[in-house]
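A.B. asks: I would like the atomic coordinates for the input below:
(chains A, B, C and D)
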There are 4 protein chains.
Amino acid sequence: MGSFQSATHTRPESLDTRKSTLAAIIASGGRIPVAVLGATGVVGQRFLRRLAVHPFFEPVYLAASERSIGKRYRDACVWQLDGEPWAGLGDMTVVACDPGAAPAPIAFSALDTEPARLIEPAFAQAGAAVFSNASAFRMEHDVPLLIPEVNAAHLGILARQRAARGWKGAIVTNPNCTTVALAGALAPLERAFGIEAVMMTSMQAISGAGYPGVSAMDITGNVIPFIRNEEAKVEVESDKILGTLRGSGISSGLHAADFPVSATCTRVPVLEGHTITISLRLRGNPSIEEVAKAFETFVPDTAGLSLHSAPSRFLTLSDLPDRPQPRRDAEADGGMRIHVGRLRICPILGFKFVSMAHNTERGAAGASVLNAELALATGAI
Amino acid sequence: MGSFQSATHTRPESLDTRKSTLAAIIASGGRIPVAVLGATGVVGQRFLRRLAVHPFFEPVYLAASERSIGKRYRDACVWQLDGEPWAGLGDMTVVACDPGAAPAPIAFSALDTEPARLIEPAFAQAGAAVFSNASAFRMEHDVPLLIPEVNAAHLGILARQRAARGWKGAIVTNPNCTTVALAGALAPLERAFGIEAVMMTSMQAISGAGYPGVSAMDITGNVIPFIRNEEAKVEVESDKILGTLRGSGISSGLHAADFPVSATCTRVPVLEGHTITISLRLRGNPSIEEVAKAFETFVPDTAGLSLHSAPSRFLTLSDLPDRPQPRRDAEADGGMRIHVGRLRICPILGFKFVSMAHNTERGAAGASVLNAELALATGAI
Amino acid sequence: MGSFQSATHTRPESLDTRKSTLAAIIASGGRIPVAVLGATGVVGQRFLRRLAVHPFFEPVYLAASERSIGKRYRDACVWQLDGEPWAGLGDMTVVACDPGAAPAPIAFSALDTEPARLIEPAFAQAGAAVFSNASAFRMEHDVPLLIPEVNAAHLGILARQRAARGWKGAIVTNPNCTTVALAGALAPLERAFGIEAVMMTSMQAISGAGYPGVSAMDITGNVIPFIRNEEAKVEVESDKILGTLRGSGISSGLHAADFPVSATCTRVPVLEGHTITISLRLRGNPSIEEVAKAFETFVPDTAGLSLHSAPSRFLTLSDLPDRPQPRRDAEADGGMRIHVGRLRICPILGFKFVSMAHNTERGAAGASVLNAELALATGAI
Amino acid sequence: MGSFQSATHTRPESLDTRKSTLAAIIASGGRIPVAVLGATGVVGQRFLRRLAVHPFFEPVYLAASERSIGKRYRDACVWQLDGEPWAGLGDMTVVACDPGAAPAPIAFSALDTEPARLIEPAFAQAGAAVFSNASAFRMEHDVPLLIPEVNAAHLGILARQRAARGWKGAIVTNPNCTTVALAGALAPLERAFGIEAVMMTSMQAISGAGYPGVSAMDITGNVIPFIRNEEAKVEVESDKILGTLRGSGISSGLHAADFPVSATCTRVPVLEGHTITISLRLRGNPSIEEVAKAFETFVPDTAGLSLHSAPSRFLTLSDLPDRPQPRRDAEADGGMRIHVGRLRICPILGFKFVSMAHNTERGAAGASVLNAELALATGAI
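C.D. replies: Sure, this is the predicted structure:
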């Protein structure tokens, strides 16, 4: 365990001190103590499964709501994942979602929206860098909504965030689990051509609703063509992600892309992996070969950074006629790859294709951890 | 049993003779002997379940392929449906798909496309009115592609069909199981406003692929974003259905509507009921209230005909936030209703909504039987 | 509506008065007003779907827990069943589970065990005949645990129940949803030979756990080999059902059968229909043909009574190699039939077979309604 | 690649030569060339996924039936598994199931029973050690039916097999996929106490039927209480596995255990993992604590051998109330662990519990590979 933690986990006084402390821990082969907020839920469990074997993060504080505090982790939740139950952390004691009870320099948040509104700023105020899967702050103008391969530069807004809010820490968010399969697939096309309009229908996995989440009585052998609040999120998040950071320091600003997105979100009887069908209009009338090439030659912003949780390929375009499929493809590359297939002409908007991504890894826990790795690698925290 | 059958099932010599013979059978409370071609498949079974209790059709010839001929029906197929196994017809002997072996004046076809190309014309040539669920002749310019409530007038093309092909009988087709959920929902809007463009994604039930059809290894907990040949069918059939019959008699012609349809077809782990998400552009800039009203006030072409297999309501627009759902709604009204819901604004094309229909009833067996009822009620056969 | 209800639903003062009042309502073609306790749950909904079209029961009081009182029924619960939503009763107002708020002479109880302990006796005390699906009173020595076709005579214990408890009304229970598939199949064998030992494994449908009940995260593509408290219920209820009423009037007693039952209960991804595999040892060394004949020639206690909700056949023994199957067979005969198949030799106990029954009809709502019909037909209430 | 293969894959002339050649390959860090017979099926794919990354086996011959010969592997089958499609071997050319076309010293057989009857002896005759998942030779008196942890000594029968059949090679089989979950769990109890009688019901995964195997129309939301020929296999295989090798060399003999097994086999909508419920009678009246201890202290025959494909624990007894579960537990330890849980008293036979194992790894491909590793480690081939 690194020196930071042995120093009783007090947080450093300044950003520069923190940076050098965290860098020193990693350089020495140690692990940075981290907190997981909302550790008992499905996404919290995925955070812990990742972090339990992470080379330079160590889950030290498992924080959850009132009724779990003081319990052993194994008694506080039903373990949902395969592999080692409770990620081998079953004997740890659950603490409160409070910066005093979980004094780590980095916190991963699997909180629901409402509790996140209060708890995440408290941690940021207390000096923690919060990497959040919650939707509470995603659309705030000074909070990065990050897909590291796509908009790594957006971390630059943190200077303004810290200045404006008086935080020593920070909040960095990842997109909604459906947005990531959309915006991840759009990024190469936005960069190569520019996007004018996007129509999409999602077929979302039940794990997206948490645990117990969807009743088996509702979804067995069924499609539920509605997911509360989901379409509105998808329709705004992509524009923010594919937008541009302008200016720098405290005068920087995030300028969203402005293409319209029309989303229909449905639930299907799939465990992991959100599948979305996409039709879109591009600028400049490219050929289908050019579109395919844009997918295949996309260079992620993270190229060269060797981030631990990054997939071997950010996005692959399949030439099999019936892929991607969630059950067969979602787990590839640790669940961190965007899978695109069935690229073809759309007689109305120009092109259509299918995108699929693992909703609780690429769309949740893995996304936040990758965000933290990017922030560390670039010195943003 | 009616007089027709007792007359050894020879077919009448002329259309007029036939019409009066069939009318007389019904008037006397008798039942018209009918053949089911492809009786052993999933759709064939649904035909038989309907016809076994039909007030004026009687399934007398159960026709199937070589390997079933001469077997008892119960030995020729695994019964797939609930209710009375083999529809109580398990002791009947399967005959060949040949007009000589199945000399009924009316034949219902559940054949696959390839065999249908040869067998259906043979029956029509021999004098039978063939009501077909196969795709083989759907797009022929002199073959009606019928949804009785939507384009009943298209039966008028039969005069030309008989003249051009020299048939005493006829072929009448019903749409692909996905098309019916699309075109059925579009009909009120085409009539009220005119349609300019339609984008759709289907989530189709496994029964649409017949039996054994889809492997459980492929679809359990999965989405397969591809169904061979399906998108092309959906993209052309709707325009034909929503087109117009012009002229009359042997100079009549079917003029297709000309709006583009962009289809993405997927398979989901649902037993019955194809769900489709639709976005579309309408002429004349209607309000959403006007669109809702168009759905609610649509008067089907079959109004007043009291067709036996018609649903109590052709189409219903739900105001529940999460309907229609295939498992819960598909069986309503004998599986013959079109279910529309989630009507809302689409920022790209104008409006979007969800449609759902029972694929092996409204989209197959029930559709053909209703076509036959319409043809009889209007004197078209 | 019958005269009873128009008399403001006060309950009759004596059993004899009640009997003649109820008989008069039915004789006049009227319907007896009934209450449904726990009307908002899955079983409550099944009660209402049956009662809404019942020839001589009319659901007049829809009673539920605190949070639903005063709401319209359509706002108080998500309708789970297919067919007419809320059984057409969506505009009725939910009342309290209190005899004063639901003053019907007959109450059907879909309550959970704990609330049933207090509420059912209150109704019985107030004069109502309570037909309960709850487990709270099933094993009480003066409460009949009824399968009408199997132990109709057990209604005789009501005389003792009324005397001992000072109730003007009564409580009559039906078995646990798994027990009914077991005891229903055992009844012909107990009667023909006598049973010495029974081993069983159940594969139970998710609807057995109510709504929201089982999380889709738990059961999708999975087997859960445990259902809390279920095995203990199954192991004692069969002996009571297959026992004997001895004596009469207030000195009558129910003497349970004494064969041991060893139960293993599991949950599988099936919507309706509990399947159980059974091995058992019989007295007297019968042949397998004799066992089959015992199933086929069983004469139910209800023979000749023409009870409205009774199946056309109480139990059928299939000779198909792979039946019964829950999805294909459970709905037969209104979900009220016991399906037995795969009868064969067990090298350890003698015989083995598979039994299956609809868990929320034969095992819940349908069972209680049939109990009430039996009680009326035999003058027990 | 090892020297054996570079020697054009001719097989060695004598057993001793082969042993030293294979040992030399492994000692030099090389890989022994192996053939997979039936490489295109579900089990064949699992063989290849294992062997592609195996430290000392190298899949060199992918053999399949007539219609695949000469095709690239990627064109010869639809890849069913997750991870790298075609195990990275998609460009290999499929060869015939013939010892001349696949001249490897070791062959793994995923053949169906009928082809296995002819093909496996041909390979054994030609000098190959065949590790077979087929049922064709399992019950032959001179063929080992092996679970390495349970009856490693049975390999001793090979001396007799070679002598009697005149084979230079050999056939070694692994049990049916259901048997392994049964016999694996019985082994500690047979060894500690002796078994008198076993009753079991299986709930088997769809992958057990291969691909396309079970139709989704049959199993979605259903239980099929019948699997052709399965119960008979399960009822005899366990006795053979738990039997004893007596004598040695060509006079050795396998003496089966003699307890009766009564099996009921069903199919449920699960992808991988057969779950079985077991009740059994033990000798000597042990306590439940003693039974639990027998599970927990069982020392597998492979202890100390460090076989590559062996699980970290052969068998674990869970104290969680609702485990094992196939979807959550089957993949543990590479799918090679036997999972036991719910140990409790059976009022009829003494004890009951639940066992679960991965049917296409522990019950098929993984089993055969482990058999080969054992045979090599012990010098049996």
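A.B. asks: Quick check: pLDDT value at A:Pro188.
C.D. replies: On pLDDT, A:Pro188 comes in at 98.
A.B. asks: in the helix or strand encompassing it, what's buried?
C.D. replies: If you go by DSSP states H and E, A:Pro188 is part of helix A:177-192. Within helix A:177-192, the residues that count as buried by 16 or more other CB atoms under 10 Å in any protein chain shown are A:177-190, A:192. Where C-beta positions appear, they are placed from N, C-alpha and C, glycine not excepted.
A.B. asks: What ranges does the stretch 51-200 of chain A have for its strands?
C.D. replies: A:57-64, A:94-96, A:106-109, A:129-132, A:170-173, A:195-204 (DSSP state E, counting those that start in this stretch).
A.B. asks: Which one of those lies nearest to chain D?
C.D. replies: Across the strands of the stretch 51-200 of chain A, chain D has its closest neighbour in strand A:195-204 (16.8 Å, CB to the nearest CB).
A.B. asks: Is any residue of the closest one near chain C?
C.D. replies: No. Between strand A:195-204 and chain C, judged by CB under 8 Å from any CB of the partner chain, nothing touches; the nearest distance is 12.2 Å.
A.B. asks: Who are the contact partners of the residue of the stretch 101-250 of chain A found nearest chain D?
C.D. replies: Closest to chain D within the stretch 101-250 of chain A is A:Gly221: 4.9 Å, counting by CB to the nearest CB. For A:Gly221, the residues meeting the contact criterion (CB atoms under 8 Å, 6 or more residues apart in numbering or on different chains) are A:Pro269, B:Pro269, B:Val270, B:Leu271, B:Arg327, C:Leu271, D:Thr220, D:Gly221.
A.B. asks: Report the separation between the fourth one and B:Gly38.
C.D. replies: Counting by CB to CB, to the nearest Å, the separation of B:Leu271 from B:Gly38 is 20 Å.
A.B. asks: Compare neighbour counts for the two and give me the winner.
C.D. replies: Neighbour totals were compared for B:Leu271 and B:Gly38, and B:Gly38 leads with 28 against 20 (other CB atoms under 10 Å in any protein chain shown).
A.B. asks: Identify the residue spatially nearest to that one, adjacent ones excluded.
C.D. replies: B:Ala110 (3.7 Å; CB to CB, 6 or more residues apart in numbering or on different chains).
A.B. asks: Tell me, how many residues neighbour that neighbour?
C.D. replies: B:Ala110, neighbours per other CB under 10 Å, totals 28.
A.B. asks: tell me the phi and psi of the residue in the stretch 51-200 of chain A positioned nearest to chain C?
C.D. replies: Proximity of the stretch 51-200 of chain A to chain C (CB to the nearest CB) peaks at A:Gln80, 6.2 Å away. According to degrees, to the nearest 10, the main-chain angles of A:Gln80 amount to phi -100, psi -20.
A.B. asks: shouldn't it be in contact with A:Tyr211?
C.D. replies: Yes. Using CB atoms under 8 Å, A:Gln80 is in contact with A:Tyr211, at 5.7 Å.
A.B. asks: now A:Val234: how far from chain B?
C.D. replies: 12 Å (CB to the nearest CB, to the nearest Å).
A.B. asks: pretty sure A:Cys265 belongs to a strand, no?
C.D. replies: Yes. Checked against DSSP: H, G, I helix; E, B strand; the rest coil, A:Cys265 lies within a strand.
A.B. asks: and it, what pLDDT?
C.D. replies: Model confidence at A:Cys265 (pLDDT) stands at 98.
A.B. asks: okay but it is in contact with A:Thr179, surely?
C.D. replies: No. Contact criterion CB under 8 Å: A:Cys265 and A:Thr179 do not qualify, at 10.6 Å.
A.B. asks: dump the residue contacts of the residue of the stretch 51-200 of chain A closest to chain C.
C.D. replies: A:Gln80 neighbours (CB under 8 Å, 6+ apart): A:Val42, A:Gln45, A:Tyr211, C:Met217.
A.B. asks: Kindly recompute the last result at 10 Å.
C.D. replies: A:41-42, A:44-46, A:49, A:207, A:210-211, A:360, C:215, C:217-218, D:328 (CB atoms under 10 Å, 6 or more residues apart in numbering or on different chains).
A.B. asks: so how far is D:Asp239 from it?
C.D. replies: 39 Å.
A.B. asks: Check for me that A:Thr275 belongs to a strand.
C.D. replies: Yes. Assessed by three-state DSSP, A:Thr275 belongs to a strand.
A.B. asks: which parts of the stretch 251-381 of chain A sit against chain D?
C.D. replies: A:269, A:271, A:318, A:320, A:322-323, A:325, A:327-332 (CB under 10 Å from any CB of the partner chain).
A.B. asks: Could you rerun that using 6 Å?
C.D. replies: Residues of the stretch 251-381 of chain A lying near chain D by CB under 6 Å from any CB of the partner chain: A:Arg328, A:Glu331.
A.B. asks: Flag the shaky bits of the stretch 251-381 of chain A, pLDDT-wise.
C.D. replies: For the stretch 251-381 of chain A, no stretch has pLDDT under 70.
A.B. asks: Tell me which residue of it lies closest to chain C.
C.D. replies: For the stretch 251-381 of chain A, CB to the nearest CB, closest residue to chain C: A:Leu271, 5.8 Å.
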